[in-house]
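In: Make a model of this:
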Amino acid sequence: MSQNNIVDEIKSRCNIVDVVGRVVQLKKAGVNHKGLCPFHNEKTPSFNVNEERQTYKCFGCGESGDVISFTEKYYNLDFREACEMLAREYGIDTTGSFGSSEHKKELYEINRQAARFFYQAMREKINPGYAYMKDRGISEETMNRFGIGYADGQWQSLLEHMESLGISREKLMQLGLISRSGERYYDKFRDRVIFPILNTGGKVIGFGGRIIGDGNPKYLNSQESDIFQKKNNLYALNLTKSEVMKEDQIILVEGYMDVVSLYQAGVRNVCASLGTALTENQARLIKRFTRNVILSYDADEAGQNAAMRGLDILYAEDLRPKVLKVEGAKDPDEYVKKNGRTAFAQLTEKALPLGDFKMARLSSKYDLEDEQQRLDYLREIIAALQLMKPVEADLYIGKIAEQTGISPQAIRREYETSRTDETPKPPPRRETDRQAKQSVPAQITPAERNLLKLMLINRRYTQLPEDISDMVFRSSEGSQLYREIKDAAEEGVAVDERKLGQLLEPEALEELKRISGIVIPEDKEEIIYRQCVSFIRRERLKQRDQEITWKLSLDNGELSDDELASLMREQADIQKKLKGQGE
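Out: Have a look, this model is predicted:
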């Protein structure tokens, strides 16, 4: 059957009301069925499904289409995958209908053969990979369940095996199974425990390799390909999705070993992101199975920062996220080995909702007995409230008032005022792939980026003016990059970007790649440096101006007349400077 005929068959046999009704609660309203739109947050139903025309339309966000486009958008599938999903459910034969699928089938098969090779290498003879997993307390049964394998330390073991099966080097390169240096080809994964990554349909789409012993990078993932996009997948969800639905809750961890250890201990509703910050597409994938998410990230600073970012992504997709703090261990893997499944389950019951976690996390950075630091905390926590629904924000205003001793009325006034000012807004609900590639992380500024590029060009730029050195790099990515570049500069060595990349967290590594692509003409270096410094000084003035405004607006008679006069003079001076700089 031709592709056009298959599409017509799907549209004629798949009732859009039934398909949409599985994930959206629909109510009959005249000729339409209405419900809350699954593609954006809303309280009043504006999502309409017309059974007669077999179409849907949201009058809130503008999304519209037929049963196939709905399946594409909701389940994060391409056109062919959406058609095949619907066809399977309605018993429609698609054999030979999608010629383009042959390419992907070939890639899936190559990955399957590679997974088989790694799997056998782990079990056929004594090897460091098997010993490593046994030392970590992982049973052979669990290793078999996850298909865990081993890549030996030789340079061409996989390459020679795959070529013996008639698989070309070109295809192996496409999947990131081998690398090339000049005319020499060699295995990408060497001396590593291999974790096959499967999609929810059970197909091998990529691999993660954990170094045995010391070395960098600690974890190495397959490059992205036609069948593997990190942002669209989660590790082990193919194994755990039924348990996720049964528990109506998912535990999201950082690493492969966290998943494997928890699973072995009996915690089965678990999965992990793939070495990247949580994405909108991953949040939508989770939403197919549950709305309740517990983030159980590492207890270190990087893990807790990742949890903060993940909360907003999940919340924006109308999920109900909480954060679990792993106490007395560096990660869930270590915790469950020490304390067992029951203790971990009890820990999940103490997981903090989004607002409580943000209050605890942000307030820990400040001394709330100090007036200035209390104001700094209020500015930051109120910015966080902007991402919440008004009813929830109002609940937390009461909690913040109790925490800080400032009246709820004053906090609410600031909250309402800041909603119309330049405060952080919720992340965009949806992005096209092109927009996603072009967008830059909200945490890092162009000034940070340009300064880091200048530092890579010439280490003298690592010596920042003293009056701004403590506030230049506010983003975690920028801070880490600056620290590593500065360390190299202080040692008097040139910065090797390849070696630098091996020291970075995944988000910082992605940022390094962006910065490396910036071109600064040699005759413009000093000009751009001065512009960056000027911008940062201006931002500092604006920040201090806002701090004074806060102090004045929240004053309950505690400030003396002299203090009030001093603050007003300082603010007038700041505003004069800003005006002179074009603000």
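
In: quick one: pLDDT of residue 95?
Out: Residue-level confidence at residue 95 comes out at 68, pLDDT.

In: can you check residue 101 too?
Out: For residue 101, pLDDT reads 62.

In: what's the answer for residue 132, then?
Out: pLDDT for residue 132: 96.

In: Give me the secondary structure label for it.
Out: Under DSSP: H, G, I helix; E, B strand; the rest coil, residue 132 falls in the helix class.

In: List the residues that contact it.
Out: By CB atoms under 8 Å, 6 or more residues apart in numbering, the contact set of residue 132 is 193, 212. Every C-beta, even on glycine, is put in place using the N, C-alpha and C of the backbone.

In: ok, now how distant is it from residue 316?
Out: As judged by CB to CB, to the nearest Å, residue 132 and residue 316 stand 39 Å apart.

In: What of residue 305?
Out: According to CB to CB, residue 305 and residue 316 sit 18 Å apart.

In: Could you do residue 278 as well?
Out: For residue 278, the distance to residue 316 equals 11 Å [CB to CB].

In: same question, residue 331
Out: Distance of residue 331 to residue 316, computed by CB to CB: 26 Å.

In: burial count for residue 374?
Out: Using other CB atoms under 10 Å, residue 374 has 20 other residues around it.

In: Residue 370 now?
Out: Neighbour number of residue 370 under other CB under 10 Å is 11.

In: who's in contact with residue 147?
Out: Under the criterion of CB under 8 Å, 6+ apart, the neighbours of residue 147 are 115, 119, 196, 198.

In: Which of those sits closest to residue 178?
Out: Residue 178 lies nearest to residue 115 out of those, by CB to CB, at 15.1 Å.

In: Please list all residues in contact with the nearest residue to the closest one once chain neighbours are set aside.
Out: Spatial nearest neighbour of residue 115, chain neighbours left out: residue 196 (4.5 Å); criterion: CB to CB, 6 or more residues apart in numbering. Counting by CB under 8 Å, 6+ apart, residue 196 touches 111, 115, 118, 146, 147, 148, 149, 204, 206, 207.

In: Just give the nearest non-adjacent residue to the third one, would you?
Out: Same thing as residue 118. For residue 118, ignoring the flanking residues on the chain, the nearest one in space by CB to CB, 6+ apart is residue 149 at 2.7 Å.

In: one step back: sticking with the residue nearest to residue 115, tell me its helix or strand.
Out: strand 192-198 (DSSP states H and E).

In: ok, then the element right after that strand?
Out: strand 204-211.

In: other SSEs contacting that next one?
Out: Packing contacts for strand 204-211, counted by 3 or more CB pairs under 8 Å, 6 or more residues apart in numbering; DSSP states H and E, involve helix 101-124, strand 192-198, strand 219-221, helix 256-265.

In: Within the helices and strands, which one has residue 240?
Out: Here residue 240 is assigned to helix 237-247, by DSSP H and E.

In: model confidence over that helix, on average?
Out: 91.

In: Same check on stretch 5-19?
Out: The model assigns stretch 5-19 a mean pLDDT of 86.

In: quick one: low-confidence ranges for this protein?
Out: Applying pLDDT under 70 to the chain flags the ranges 1-4, 95-101, 419-443, 470-471, 491-494, 552-558, 581-583.

In: All set now, cheers.
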